[in-house]
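Novice: sequence unknown, structure follows:
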């Protein structure tokens, strides 16, 4: 068994996050085992990324692509669970940044996620440097 990717440390603690999103588990989210399907958990994280990325002003001719994602599943989630997802910025690079996330049911962390987003020029279809205004927003959302 390989070690989990570095960077997940501390993402299982509520104190790491200032940005939060709520998710309601639906019956259709369950698999045959009666718990939330692993792929659905990835979509929960995807939706919650907007708690940070929604603060980035949309610039014409640009966009973001998810270049890398690592999820650690720590506990089952069942129907009726009140799910909260914390999101923070763990790294800002030249044209990309990484968001760290923790998915909580009550005080228990059920999964953590690291997702790297790349800022792209849509016409060129390649990475382009993050504007200074984006960097300022991302730094405000840094890990606590």
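Specialist: Everything's here; your move. This structure is a prediction, so every number in the text was calculated from the model and none was measured.
Novice: name the strands paired with the longest strand along the chain and say parallel or antiparallel.
Specialist: Determined from DSSP state E, the single longest strand within the chain is strand 108-121. According to DSSP bridges, strand 108-121 forms sheet pairs with strand 62-73 (antiparallel), strand 96-105 (antiparallel), strand 126-127 (antiparallel).
Novice: most packed of those?
Specialist: strand 96-105 (a mean of 24; mean count of other CB atoms under 10 Å). In short, each C-beta sits where N, CA and C put it, glycine included.
Novice: ok, the residue lying closest to residue 93 once chain neighbours are set aside to residue 62 distance?
Specialist: Nearest-residue entry for residue 93: residue 130, 7.9 Å, with adjacent residues in sequence omitted and distances by CB to CB, 6 or more residues apart in numbering. Going from residue 130 to residue 62 by CB to CB, to the nearest Å gives 10 Å.
Novice: same check, this time on residue 94
Specialist: 15 Å.
Novice: where along the protein do the helices fall?
Specialist: 38-48, 50-53, 132-140 (DSSP state H).
Novice: just name the most buried of those.
Specialist: Mean neighbour count (mean count of other CB under 10 Å) peaks for helix 50-53 among these, with a mean of 19.
Novice: can you pull the pLDDT of the closest residue to residue 78 other than its chain neighbours?
Specialist: Spatially, and ignoring its direct neighbours in sequence, residue 78 is nearest to residue 35 (5.7 Å; CB to CB, 6+ apart). Residue 35 is assigned a predicted lDDT (pLDDT) of 94.
Novice: same deal with residue 16?
Specialist: For residue 16, the predicted pLDDT is 96.
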